[in-house]
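Enquirer: sequence isn't available, so here's the structure alone:
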């Protein structure tokens, strides 16, 4: 008989806490915290379900995203915070310069009955306190380094010593730092901690920062004696220090070292030194050697050489490198430092000055895609460059892009766009750009207001926008133009925006301005808008403007011929009552008014007009 093989037991279900922690860790790998927070909201009692390591990971992610308050709130709700919880929050607070809050958390940590400070706490404090001003004094750092390990019975590790060494160097106390370094070499500080490559590199960097090239070289030579191999950071730190100290003979000797394999950072440092010294030819040669030695060029490599060529007037060669940079999509490659937009400003200037604004825009776009720090000067150069090339649409899109990034374009940027659209007759966009300029707190010149207003009035269908502009001008006490104001009122009446027209007329006169009433009333009469003409005629007499008999007669005649004798009489009566002479219109117009009233059976009104006609005739006879 064969042996029966028993099937393997079914896998045990994973505990809910383990599954939840695994999924949260997975979601936290993304830069976007929203999926992780959304998942957290679906968990029942997440603070009790999730283990501490998952909560600490969330705390660090919140802090890294700049959400320090949320990280602090989470920490306060963790049921049993561990040393890792305290360390994570202290690091986050110090990273944001929140020293007072970090001290409060540290004080709570020291009082905690379930968690004690450890070497990570010490390392966090030494690093965090020394990286942002105000930096603590060297005695304070030394006291901290001694107090925590002695009080809480833990041994500082290599990171602790290197953190203290780095903190002392940042504080400017090279003497104490050197004593610590020498003590580590001879085992005077702690026999279990010896200097490593980070220790030596830290001292070399400190000496290089003071341009003490000989001292840095002496520490480098100690590494060989002590059997510690330098790494690329060590070599590049020395190379940069020697370049900045002007010790090019030491640079040459370093490059000839067999164990040193130059990388991108090495070549960038050399090119930067040549560019600072005005040695453009040598910088270009180093740039070429990168290809020969199969060392990749990054954004900094290109930006330095292109900028140097532009500043030296070698635009053709600079543009060739820009084309290569765009074609190879160097700026889109991840890894390394994020390129600085400001480093490309001379390149943008050269391109825009030579009619290559579109190419500059492509370069700028790739930099923005890498989340480079935005730069006002670069935006302005591109806006003015596009406007110079007649591409005002692209210029305006860059203005909008600035506003989205909380950068305020200056007067020159806005004026270039506004005047450009005005010249093209695209007045609604010109008005929109001007409106954004005003909302940004800038004040265009009076001529700019008048230019846009003129363009709006010339453009059919823009009467409302022109009226809005006049309102703003009056509000901001901008001087008005008589002809433009008159043309605006005419445009409003033609667009049947009568109420808006009357309102603006009133505002103009209230602010001490006027319009050409005779021209306006005459135009209304030509368009058979006699009711509106009558309103303006009365307004003028109330403002004590003398329109002349011909204008009044034109309005009266128009009302009569269009069957509105009653309206004509009301106008005539109010003109008489407002203080005008009894000769408020030409005799022929009064005759026409009298006849129209009689035809309408308005005998009383007709008698009043006849009486005024007789008085006018008598006055004429007396004058004769």
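Expert: Perfect, thanks for sending it. A quick note: this is a predicted structure, and the numbers were derived from the prediction, not measured.
Enquirer: only C-alpha atoms for contact and neighbour calcs from this point on.
Expert: OK.
Enquirer: excluding chain neighbours, what is closest to residue 444?
Expert: residue 411 (7.0 Å; CA to CA, 6 or more residues apart in numbering).
Enquirer: so how far is residue 418 from that neighbour?
Expert: 10 Å (CA to CA, to the nearest Å).
Enquirer: out of the two, which sits in the more crowded spot?
Expert: residue 418 (28 against 15; other CA atoms under 10 Å).
Enquirer: tell me who's in contact with the more buried one.
Expert: Counting by CA atoms under 8 Å, 6 or more residues apart in numbering, residue 418 touches 429, 430, 431, 433, 434, 452.
Enquirer: what's the closest of these to residue 118?
Expert: Using CA to CA, residue 433 comes nearest to residue 118 of the contacts of residue 418, at 59.1 Å.
Enquirer: tally of neighbours for that closest one?
Expert: When counting by other CA under 10 Å, one arrives at 21 neighbours for residue 433.
Enquirer: kindly report the same for residue 134.
Expert: Residue 134: 11 neighbours (other CA under 10 Å).
Enquirer: what does the pLDDT read for it?
Expert: Predicted confidence (pLDDT) for residue 134: 81.
Enquirer: rewinding a little: ok, and the most crowded of the contacts of residue 418?
Expert: In the contacts of residue 418, the most neighbours by other CA under 10 Å go to residue 430, 27 neighbours.
Enquirer: what's the separation between that one and residue 411?
Expert: 14 Å.
Enquirer: buried set for stretch 228-240?
Expert: 230, 234, 235, 236, 237, 238, 239, 240 (16 or more other CA atoms under 10 Å).
Enquirer: what's in contact with it?
Expert: 196-197, 201, 204-205, 208, 216-217, 223, 251, 254, 260-263, 265-266, 269-270.
Enquirer: going by neighbour count, list what's buried in stretch 280-291.
Expert: By 16+ other CA under 10 Å, the buried positions in stretch 280-291 come out as 280, 283, 284, 286, 287, 290.
Enquirer: re earlier: hmm, which of the contacts of stretch 228-240 are the buried ones?
Expert: Buried among these (16+ other CA under 10 Å): 196, 201, 204-205, 208, 216-217, 223, 251, 254, 263, 265-266, 269-270.
Enquirer: burial of residue 372, as a residue count?
Expert: Neighbours of residue 372 using other CA under 10 Å come to 16.
Enquirer: how much space between it and residue 331?
Expert: Residue 372 is 10 Å from residue 331, by CA to CA.
Enquirer: between the two, what contacts are shared?
Expert: With CA under 8 Å, 6+ apart, residue 372 and residue 331 have common neighbours residue 339.
Enquirer: can you find the helix or strand in this protein with the smallest mean pLDDT?
Expert: helix 603-623 (a mean of 76; mean pLDDT, DSSP states H and E).
Enquirer: so residue 557 touches residue 593, yeah?
Expert: Yes: counting by CA atoms under 8 Å, residue 557 touches residue 593, with 7.4 Å between them.
Enquirer: got a list of what residue 170 touches?
Expert: Residue 170 makes contacts with 130, 131, 206, as judged by CA under 8 Å, 6+ apart.
Enquirer: which residues touch the second one?
Expert: Listed by CA under 8 Å, 6+ apart, the contact partners of residue 131 are 167, 170.
Enquirer: change it to 7 Å
Expert: Counting by CA atoms under 7 Å, 6 or more residues apart in numbering, residue 131 touches no other residue.
Enquirer: and it, how far from residue 167?
Expert: As defined by CA to CA, residue 131 lies at a distance of 8 Å from residue 167.
Enquirer: out of the buried residues of stretch 228-240, which is nearest to residue 305?
Expert: Closest to residue 305, out of all of these and judged by CA to CA, is residue 240, at 17.4 Å.
Enquirer: secondary structure class for that closest one?
Expert: helix (DSSP: H, G, I helix; E, B strand; the rest coil).
Enquirer: pLDDT value on it, please?
Expert: 89.
Enquirer: with residue 233 as the reference, measure out to it.
Expert: 10 Å.
Enquirer: same question for residue 178.
Expert: Counting by CA to CA, the gap from residue 178 to residue 233 is 20 Å.
Enquirer: show me the contacts of stretch 228-240 that map onto strands.
Expert: Secondary structure assignment by DSSP state E places none of those in strands.
Enquirer: in terms of contact, does residue 357 touch residue 387 like I think?
Expert: No: if you go by CA atoms under 7 Å, residue 357 and residue 387 don't touch, sitting 9.0 Å apart.
Enquirer: those two: who's more crowded?
Expert: residue 357 (27 against 23).
Enquirer: identify the residues contacting the more buried one.
Expert: 351, 382, 385, 386.
Enquirer: show the pLDDT at it.
Expert: At residue 357, pLDDT is 92.
Enquirer: the one 3 residues further on now?
Expert: As summarised for this prediction, residue 360 has a pLDDT of 89.
Enquirer: do you know how far it is from residue 325?
Expert: 12 Å.
Enquirer: neighbour-wise, which of these two wins?
Expert: More neighbours surround residue 360 than the other of residue 360 and residue 325, with 24 against 20 (other CA under 10 Å).
Enquirer: low pLDDT regions in the chain?
Expert: Applying pLDDT under 70 to the chain picks out residues 1-13, 188-192, 335-337, 578-584, 616-624.
Enquirer: tell me, what residue is most central in it?
Expert: Nearest to the mean C-alpha position of the chain, counting by CA atoms, centre = their mean, stands residue 405 at 2.7 Å.
Enquirer: could you pull up phi and psi at that residue?
Expert: Residue 405 adopts backbone torsions of phi -100, psi 20, taken as degrees, to the nearest 10.
Enquirer: could you find the closest non-adjacent residue to it?
Expert: Using CA to CA, 6+ apart, the nearest residue to residue 405 is residue 374, at 7.9 Å.
Enquirer: ok, the one you found to residue 403 distance?
Expert: Distance from residue 374 to residue 403, by CA to CA: 12 Å.
Enquirer: what are the ranges of the helices in the stretch 1-150 of the chain?
Expert: Applying DSSP state H, counting those that start in this stretch to the stretch 1-150 of the chain gives helices spanning 16-27, 34-42, 46-49, 52-64, 68-77, 83-95, 99-111, 119-131, 138-152.
Enquirer: could you point out which of those sits nearest residue 477?
Expert: Going by CA to CA, the one of the helices of the stretch 1-150 of the chain nearest residue 477 is helix 68-77, 46.2 Å.
Enquirer: measure how the closest one sits relative to helix 83-95, angle-wise.
Expert: Computed by axes from the mean of the first three to the mean of the last three CA atoms, to 10 degrees, the angle separating helix 68-77 from helix 83-95 equals 160 degrees.
Enquirer: can you spell out which helices and strands pack onto helix 68-77?
Expert: Where contact means 3 or more CA pairs under 7 Å, 6 or more residues apart in numbering; DSSP states H and E, helix 68-77 is packed against helix 52-64, helix 83-95.
Enquirer: which strands and helices sit next to the last one?
Expert: Counting contacts by 3+ CA pairs under 7 Å, 6+ apart, helix 83-95 is packed against helix 52-64, helix 68-77, helix 99-111, helix 119-131.
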